[in-house]
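>>> Quick check, what structure comes out for this input:
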Amino acid sequence: QPPVIASENGVLRTTLTIEAAMQNVAGEDVTFPELYNGLYIPPTLHVNPGDQIELRLRNFGYQSTNLHYHGLVVTPMGMGDNVFLELEAGLTFDYSFPIPANHDQGMFWYHPHLDPQLNTQLSGGMAGALIVGDILAPFPTLQGIPERVMVLKDLKTVDGFPMIDPDPAGPTKRTINGLYQPQITMQPGQLEFWRIGNMSSNIYYQLSLEGLTFNVIAEDGNLQNRVIPTDTLVMAPGKRFELLIYGPKKGSYKLKTADFNTGPDGDAYPGQVMATVVAQGDAVDPIPLPTQFPPVEDLRDKTITGRRTVVFADSDNPNQFLIDGKQFNANCVDQLIPLGSVEEWTIENTSQEAHVFHIHQLDFQVTEVDGEPVPFTGQQDIVTLPPAPGDDTPSVVKAIIPFTDPVMVGEFVFHCHIIQHEVQGMMASVYVFDPKAPPGDIPPLCQPPYPEAASAATGPGKPGAAKLPAAKGGQASGATGSPKA
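Predicted coordinates:
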C-alpha cells in the first residue's frame, strides 16, 4: 500500500517536493526527472470534510508545474485548486484552502495540470491518491473490513528514462501501486473494500477477475444509491471505482486488463495480467452486502435553467484537438455561467475515436448516451464520449451539471482526460460568477478574433514567477522566491 499522510486536528499540513529519483519499475531501473518526494507512488493524502489543506509544493524539478486536486469541490481561485498557476523550477508555493464540511467522501487524486508538459509529467509518475473521510461510515457492518488502495499507472521508457510526451498507442508496462504483476492474498469469503484509481495519463483499463463480481458502491468519489454488481470495470483515464469484493474459493485467479481500442481513428494497446489473486486459509462467513444507502440527489428533479451543446472533435492536424472548433486559449473564457444554474449539457463527439469528458470543481449526472437513458445511481466527474458512429453523426452524451455551490465561483476548466488530447488543445474554460456580488475582473469571452497566444501549448504564467493572474484568483501570495502577480 502507498504511504499515507493524514490530517491531524483538522489540518493536513505537509510538503510535496518535486525531485529526480531512480526507481525500479517492472524490473527496470528508471531515472525519473520529476517525482513527488522521489517516489513513483507518492503518499496517499487523507483528509476529512471540514479540514484545512496546507500543502507546500517545492519544485526542484526542471520545468514548471502546479497541483490539481482532481474531483475536489473546492475553490478554483487563489491558493486553492488553481490550474492557472505556474510554478517555475526552483520555486515554492503554499496551497491553503478548506475542504467543505459537506464534501463527498471517497477516492480522489492529485497531479500536475500545466501545459504543455502535463503529459510528460503525469505519464512520468507524478500522481497520487487523495482520500476524503470515511465512505463506509453509513454501513456499520462493514467497519474494519480489509481495505486496499490500488493506484493504476503505466510507463513507457526510452534508455532508462520515462518517455517524453508518450502517445497512448502501443505496448506499455502497467502497474498496481508501482508493482508489476503483484500477488494479492485474500481469505475465502472475506469481504474486502477496494479503491481503484486510473492514474495513467492516456490509457483505459478494462479489468476483470475471472468472472468474480465487483460490487461497486462509489464512482469518482461519489457514493451511489445502491450496490452495482459487475464482472468488468471499464476505467477511462482519471476514473475511480470503490467496490466490495468477496475472497473467492481457494485457488489462484488472474486480475487482467483486456486489449483496448478507442475507435477507428483512435489508439489500440494490448492487455496485460495486472495481478494474481491467491485465495488461501480457512473460509469465513461472508458479511452481507449493504442494502440501505443514504439518499442521493437526483438532478433530474431540479429545474433546468439552461442548455448548452459542446462539441469535441479531431482536426485535420493529427496533433490538434478541438472543443467547439477551437483549441484552448488561456486568455479568454469559453462558458460564462451564473452561480445557481443547473444546466443540461449535450456533449457531442464528432471524431472516430473516444474522448473523455471531465470538468473541474463539481460532479454531474449522466442521463443519456446515444439516445439511451442511463439508469440513475449517482453522480461522477469522468465520462467516456464514445466514437462517432458515422462521419455525419456524432455520439451524444447528455448530462445535468449543477453550478450551485458557492465554493466554485471563479474560473476552471473542462477537457478530455486523455491527456495527450488535452495538451494538444482539447480543453475549454468555465467562469462561474455570483450575480449577487459586485462584478469581478472577468476575462473576455472567447470569440473570433481570439486574443493573442491562443495555443494549447501557451500557459498562463510568465517566466521567472509563480504566476497567478489577478483575473484568475488574485495574487500569488503563497509563492516564495517570486514577485506577486
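>>> Report the buried residues of stretch 79-97.
Judged by neighbour count using 16 or more other C-beta atoms under 10 Å, the buried positions of stretch 79-97 are 79-88, 91-97. (C-beta placed from N, C-alpha, C; glycine too.)
>>> Same check on stretch 423-439?
In stretch 423-439, residues buried by neighbour count (16+ other C-beta under 10 Å) are 423-433.
>>> Just flag the most distant two among the residues you listed.
Considering C-beta to C-beta, no two members of those lie farther apart than Gln424 and Phe433, which are separated by 29.4 Å.
>>> Need the pLDDT of Pro443.
Note for Pro443: predicted pLDDT of 82.
>>> any idea how far it is from Gly325?
Here the distance between Pro443 and Gly325 works out to 19 Å (C-beta to C-beta, to the nearest Å).
>>> Could you check which of these two is surrounded by more residues?
Comparing Pro443 with Gly325 by neighbour count (other C-beta atoms under 10 Å), the higher total belongs to Pro443, at 18 against 9.
>>> I figured that one hits Asp334, correct?
No. Using C-beta atoms under 8 Å, Pro443 makes no contact with Asp334, being 10.2 Å away.
>>> most remote residue from the chain's center?
In terms of distance from the mean C-alpha position of the chain, Asp282 ranks first, at 38.5 Å (C-alpha atoms, centre = their mean).
>>> quick one: contacts for that one?
187-188 (C-beta atoms under 8 Å, 6 or more residues apart in numbering).
>>> same check, this time on Leu244
Leu244 sits in contact with 142, 191-194, 215, 217, 227, 289, where contact means C-beta under 8 Å, 6+ apart.
>>> Quick check: mean pLDDT of stretch 76-88?
Per-region confidence: stretch 76-88 scores 97 on mean pLDDT.
>>> Actually, stretch 362-378.
In this model, stretch 362-378 carries a mean pLDDT of 98.
>>> May I see the buried residues of that stretch?
Counting neighbours by 16+ other C-beta under 10 Å, one finds that the buried residues in stretch 362-378 are 362-367, 369, 377-378.
>>> quick one, strands of the stretch 351-485 of the chain?
Under the criterion DSSP state E, counting those that start in this stretch, the stretch 351-485 of the chain carries strands at the ranges 355-359, 365-369, 372-373, 382-385, 395-403, 410-416, 427-433, 479-480.
>>> next one: the fourth one to chain centre, how far?
Looking back up the chat, that one is strand 382-385. Relative to the chain's own centre, strand 382-385 is displaced by 11 Å; criterion: C-alpha atoms, centre = their mean, to the nearest Å.
>>> List of residues touching it?
Applying C-beta under 8 Å, 6+ apart, the external contacts of strand 382-385 come out as 220, 234, 236-239, 312, 347-349, 354-358, 364, 366, 395, 397, 399, 417.
>>> same thing but at 7 Å, please
Where contact means C-beta atoms under 7 Å, 6 or more residues apart in numbering, the residues beyond strand 382-385 that reach it are 220, 236, 238-239, 312, 347, 349, 354-358, 366, 395, 397, 399, 417.
>>> quick one: secondary structure of Gln206?
strand (DSSP: H, G, I helix; E, B strand; the rest coil).
>>> Over to the one 5 residues further on?
Here Gly211 takes the coil state, with states given by three-state DSSP.
>>> Was I right to think it contacts Thr232?
No. Using C-beta atoms under 7 Å, Gly211 and Thr232 do not qualify as a contacting pair, with a distance of 9.9 Å.
>>> Quick one: low-confidence residue ranges for the protein.
Counting by pLDDT under 70, the ranges of the chain that qualify are 449-485.
>>> mind redoing it with 50?
Counting by pLDDT under 50, the chain contains low-confidence ranges at 453-485.
>>> Have a look at it and report its longest strand.
Criterion DSSP state E: the longest strand present in the chain is strand 11-25.
>>> Alpha carbons of it, in PDB - could you do that?
The C-alpha coordinates for strand 11-25 follow below in PDB (Å, rounded to 0.1, in the frame of the first residue of the first chain):
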ATOM      1  CA  VAL A  11      -5.400  20.300   9.200                       C
ATOM      2  CA  LEU A  12      -3.400  18.400   6.500                       C
ATOM      3  CA  ARG A  13       0.000  20.100   6.800                       C
ATOM      4  CA  THR A  14       2.600  18.600   4.500                       C
ATOM      5  CA  THR A  15       5.200  19.200   1.800                       C
ATOM      6  CA  LEU A  16       5.500  17.600  -1.600                       C
ATOM      7  CA  THR A  17       8.900  18.100  -3.100                       C
ATOM      8  CA  ILE A  18       9.300  17.500  -6.900                       C
ATOM      9  CA  GLU A  19      12.800  16.000  -7.400                       C
ATOM     10  CA  ALA A  20      14.600  13.500  -9.500                       C
ATOM     11  CA  ALA A  21      14.900   9.900  -8.400                       C
ATOM     12  CA  MET A  22      15.800   6.400  -9.600                       C
ATOM     13  CA  GLN A  23      13.000   3.800  -9.000                       C
ATOM     14  CA  ASN A  24      12.700   0.200 -10.100                       C
ATOM     15  CA  VAL A  25       9.500  -0.300 -12.100                       C
END
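>>> Give the other helices and strands that the next helix-or-strand element following that strand contacts.
Using DSSP states H and E, the helix or strand that directly follows strand 11-25 along the chain is strand 28-36. Helices and strands in packing contact with strand 28-36 are listed as strand 11-25, strand 161-162; criterion 3 or more C-beta pairs under 7 Å, 6 or more residues apart in numbering; DSSP states H and E.
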